[in-house]
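*Asks:* Fold the following and give me the result.
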Amino acid sequence: MQFQAARSKFSLFRVHQTVSSLFRLNFYKVKAEKRVIKVSNTSENMAERRQNEPPSTGNRNLPLKTPKGTRDYGPGAMALRQRLLDQVVRVFRKHGAVPLDTPVFERKELLAGRYGEEAKLIYELQEQGGEPLALRYDLTVPFARYVALHNLSSMKRYQLAKVYRRDSPQPARGRLREFYQCDFDIAGAYDPMLPDAECVKVVCEVLHQLDIGAFVVKVNHRKLLDALLEVCGVSAEMFRTVCSSIDKLDKMPWDAVREELILQKGLQVETVEQIGMYVTLHGGLELVDRLADDAKLNCLPGAKEALDELRLLFQYCALFQVADRLSFDLSLARGLDYYTGVIYEAVLVDGDDDDDGIQAAFVGSVAGGGRYDNLVGTFNPHRKQLVPCVGVSIGVERLFCIMEARTREEPRINHTQVYVASVHKGLHLKRLEILNRLWAAEISAEHSYKTNPKLLDQLQHCEQYRIPYTVIIGDVELARGVVKLRNVATRQEEEVELEMLIEKVSSQLLNGP
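*Replies:* Numbering: from 1, shown residues only. Here you go, the predicted model:
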């Protein structure tokens, strides 16, 4: 009977199929209308909430990136960069320099008029009612300001810090708007070329330590450049602006510089042709002797003084065993206005390719500097005694760019020496106890922040981050008063008495397995 009743109901449903379909259509229509009403109400509520919220100060659709001309340095990059900086500082300290730090921004009036045409690259800070400020362009002017402010007569200092320039960035070539400089400077009145030769030696030692390939240190003299321009018929007030054009010869061919001197700087064609005859010369000590025989230059005291100093520089550098790195290059001008004597610039040799086909010179110059005898006096014009200075700046970002491209394996990014691992549950308190003992012994150590981590995960962490040793604790071993000490590289384990653990680990770290 129940079966027949069920069939009867089923038949009734089939008979009234049209009614059923209408019912379903009406049902879904109502359901859809309810959904629309719900969404509509939600949108109205959200709009109402937005009206009641305070105005947003940011745009959620802004692209997530660093400002133009800057970059992030992840743990791997930082490990490599720190290694670079450590090697540079080691050389600076070996030569007796002491560290110095200065503010990242200076009073704008102190920076004005000290960089020539490069002044347009200074970042000026927006005034907010206080004194006008600007981000430092380099570390040389702040150092000179420091010497003048503290009334120093001599100092040998080094400084590692960021500087800022509104330049056209080329990240692949290590050219950024925010970048590190490593400066080494000697301030004080000393005999000619002794501090200058040491600065050249410092550059050579740094580049040799970093092992970045063949390099040359170009040298020239500002007084010689001025004499050459005078001989060619350039007026004295045009010296600096013409030098800024000559300084582009490392990036532009002579024809392009020639056109700039004629069309933009307004020099006569004959004058520019004479300049070209000089600034395309380069060589060694023989070029110094050749220019000393130049009748036109012999008439100018500045030229004779410059050539005598360059000859002395070559002599001292020979004693320092770096004379073979020097190249006397008359195209070197160093565009900054404050240079007064010897100038130099280290460049990687063109075509010096390594096994990966990376051309070393693709980043251009990697260090530069020179003598700036009058800069300190501009900050303290009433002081009778001048404080001559000479220094060099190492281009860290450009060197880092080369090292990063040549690194074949990821550098180790942490300094952890021991990892404390546990096998069984409920041993996190014992891990903390052992961890504290390792820290007390000045041993770098870490562990998992999970109370019951899996042993495999802990061992994989050690291998991933190249942690040398793992202390493994388990219930059975602790009952016998021992732990296991695992060499992560070889995966060999040995039992060590818990009381002797610190002594054993210290010995392993000092002497190896």
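
*Asks:* Please report how far the most centrally placed residue in the chain lies from residue 460.
*Replies:* Centroid-nearest residue in the chain: residue 397, 3.8 Å away (criterion: Cα atoms, centre = their mean). Counting by Cβ to Cβ, to the nearest Å, the gap between residue 397 and residue 460 amounts to 35 Å. To be clear about C-beta, it is placed using only N, CA and C from the backbone, and glycine gets the same treatment.

*Asks:* follow-up on the earlier one: which pLDDT value goes with the residue nearest to the centre of the chain?
*Replies:* Per-residue pLDDT puts residue 397 at 88.

*Asks:* Listing request: residues of the stretch 401-513 of the chain with sub-threshold pLDDT.
*Replies:* Across the stretch 401-513 of the chain, the stretches falling below the confidence threshold (pLDDT under 70) are 513.

*Asks:* Ignore what I typed, I meant the chain.
*Replies:* The model of the chain has pLDDT under 70 over residues 1-60, 350-363, 513.

*Asks:* Try it again at 80.
*Replies:* Using pLDDT under 80 as the threshold, the predicted model of the chain has low-confidence ranges 1-62, 116-117, 127-129, 172-174, 250, 335-336, 350-364, 381-385, 407-411, 512-513.

*Asks:* Domain-wise, how is it divided?
*Replies:* According to the TED database, the chain is divided into the following domains: 75-406, 418-511.

*Asks:* Just checking the distance from the last one to the centre of its chain.
*Replies:* Same thing as domain 418-511. 36 Å (Cα atoms, centre = their mean, to the nearest Å).

*Asks:* for that domain, how far is the first residue from the last?
*Replies:* Distances were taken as Cα to Cα, to the nearest Å; on that basis the terminal residues of domain 418-511 are 15 Å apart.

*Asks:* One more: the longest one?
*Replies:* When the termini of domain 75-406 are compared using Cα to Cα, they are 17 Å apart.

*Asks:* so what does the helix or strand harbouring residue 393 touch, helix or strand wise?
*Replies:* Secondary-structure assignment from DSSP states H and E places residue 393 in strand 389-395. Identification of packing neighbours for strand 389-395 by 3 or more Cβ pairs under 8 Å, 6 or more residues apart in numbering; DSSP states H and E yields helix 140-149, strand 178-187, helix 194-210, strand 365-371.

*Asks:* okay, the ones you listed, which one's buried deepest?
*Replies:* Between the helices and strands packed on strand 389-395, strand 365-371 has the highest mean count of neighbours, a mean of 24, where neighbours are mean count of other Cβ atoms under 10 Å.

*Asks:* Check which element follows it along the chain.
*Replies:* Reading on from strand 365-371 to the C-terminus, the next helix or strand found by DSSP H and E is helix 375-379.

*Asks:* Show me the contact partners of that next one.
*Replies:* Helix 375-379 has contacts (Cβ atoms under 8 Å, 6 or more residues apart in numbering) with 110, 114, 140-141, 144-145, 147-149, 187, 338, 383, 386-387, 389.

*Asks:* Give me the secondary structure label for residue 71.
*Replies:* At residue 71 the chain is in coil, as set by DSSP: H, G, I helix; E, B strand; the rest coil.

*Asks:* do the same with residue 217
*Replies:* From three-state DSSP, the assignment for residue 217 is strand.

*Asks:* Let me see the contact set for it.
*Replies:* Residues near residue 217 by Cβ under 8 Å, 6+ apart: 200, 203, 204, 322, 325, 326, 327, 344, 345, 346.

*Asks:* Looking at the residues you listed, which are in helices?
*Replies:* With DSSP state H as the criterion, helices contain 200, 203, 204 from among the contacts of residue 217.

*Asks:* how close does residue 442 get to residue 414?
*Replies:* Distance of residue 442 to residue 414, given as Cβ to Cβ: 16 Å.

*Asks:* The two: which has the busier surroundings?
*Replies:* Set side by side, residue 442 and residue 414 show unequal neighbour counts under other Cβ atoms under 10 Å, the larger going to residue 414 at 12 against 7.

*Asks:* Which residues does stretch 504-513 contact?
*Replies:* Applying Cβ under 8 Å, 6+ apart, the set of residues contacting stretch 504-513 is 417-418, 438, 441, 443, 468-469, 471, 485, 487, 490, 492, 496.

*Asks:* which residue ranges form the helices in the stretch 401-513 of the chain?
*Replies:* Counting by DSSP state H, counting those that start in this stretch, one finds helices in the stretch 401-513 of the chain at the ranges 428-440, 455-464, 475-479, 501-511.

*Asks:* Residue 81 is nearest to which of those helices?
*Replies:* Between residue 81 and the helices of the stretch 401-513 of the chain, the shortest separation by Cβ to Cβ is 21.5 Å, and it involves helix 455-464.
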